[in-house]
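>>> Provided below are the primary sequence and the corresponding predicted coordinates.
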Amino acid sequence: MSFVIVSLIILVSAIVQGATSFGFSLLALPLLGYFYNLKIIVPTLVIFSIVLNLIILLRLRLVPKFKELAILAFFAICFIPVGVNVLIFVDEILLKRIVGLLLIIISVIMFKGITIKLKHKTFSYMIAGILSGILNGAVSLSGPPIVVLLASDQKNKNEFRASLTFLFLLLNVVTIFLFANKGLFENKEIINMLFLLPVMIMGTFVGIYLGNKIDEQKFKKIVLILLMIMGILNLF
């Protein structure tokens, strides 16, 4: 029964990502936390995210501006090892509470559409890269700092999605090598979870289809409210 529920979590999270271009790890991480510990969930979600971002990037058929992403990517990659060590050494209960707090902050920021004024663009990119790298290595949540930054940089929708997707793909590939080096893929439960990749792929394409049929803004708001509720539940 638990495997069926886990499959549904992966399916729904992938549908949300396909429909709105965000939300896979944000939704899957706290829900899967009821069935597995974070040392299983996070490496699994990193692998899933690589496949997911490849699908989206190929669908967009756009080439991101690599020069603009260089600063973000450099600092994010440099600080991924810090996040990996957080995952390995920080107490599981404390880490889940940190995830809960992050979910609440993220949902409020995205719900209100908060942006920042980039007075010092290079410094802003550096800080966003550092935060993104740590979060990706620790809990597979690299997106929020970069989403806020790129949204504040007033990029058009397709350019925004291309940059976001390429950066997530790059960070997850680097993170996988670091996880493998630390022995985080030796758990057999991760191998079992990988059998759900077809479910995730199916959900992604269903989401892409639904994205053209639904009111994206209303759907996002519903998802963000759910994220806030899950964040609160993770605190206790």
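Cool, the structure landed. Not measured: the values here are computed from a predicted model. Residues are numbered from 1 along each chain as shown.

>>> Excluding sequence neighbours, find me the nearest residue to A28.
Sequence neighbours aside, S13 is the residue nearest to A28 in space, at 4.1 Å (criterion: CB to CB, 6 or more residues apart in numbering). C-betas here are computed from N, CA, C, even on glycine.

>>> secondary structure class for that neighbour?
helix (DSSP: H, G, I helix; E, B strand; the rest coil).

>>> separation between it and G143?
As judged by CB to CB, to the nearest Å, S13 and G143 stand 13 Å apart.

>>> Can you give me the buried ones in stretch 165-177?
Using 16 or more other CB atoms under 10 Å as the test for burial, stretch 165-177 gives T165, F166, L167, F168, L169, L170, L171, N172, V174, T175, I176.

>>> what sits against the last one?
The neighbours of I176, taking CB atoms under 8 Å, 6 or more residues apart in numbering as the test, are P43, V46, I47, I50.

>>> What strand or helix carries it?
I176 is part of helix 157-181, with elements assigned from DSSP states H and E.

>>> So for the next helix or strand after that helix, mean pLDDT?
Counting by DSSP H and E, the element after helix 157-181 in chain order, helix or strand, is helix 188-194. Averaged across helix 188-194, the pLDDT comes to 88.

>>> just the angle between the lowest-mean-pLDDT helix or strand in the chain and helix 157-181, please?
Taking mean pLDDT, DSSP states H and E as the measure, the chain has helix 143-152 as its least confident helix or strand, at a mean of 71. Counting by axes from the mean of the first three to the mean of the last three CA atoms, to 10 degrees, helix 143-152 lies at 160 degrees to helix 157-181.

>>> and helix 143-152, how far out from the chain's middle?
Helix 143-152 sits 12 Å away from the centroid of its parent chain (CA atoms, centre = their mean, to the nearest Å).

>>> Please apply the same query to stretch 103-122.
16 Å.

>>> just stretch 210-230 next, same as before
Taking mean C-alpha positions (CA atoms, centre = their mean), stretch 210-230 and its chain are 16 Å apart.

>>> any residues touching it, and which ones?
Residues from elsewhere that reach stretch 210-230, judged by CB under 8 Å, 6+ apart: 15-16, 18-20, 22-23, 26-27, 30-31, 100, 103-104, 106-108, 110-111.
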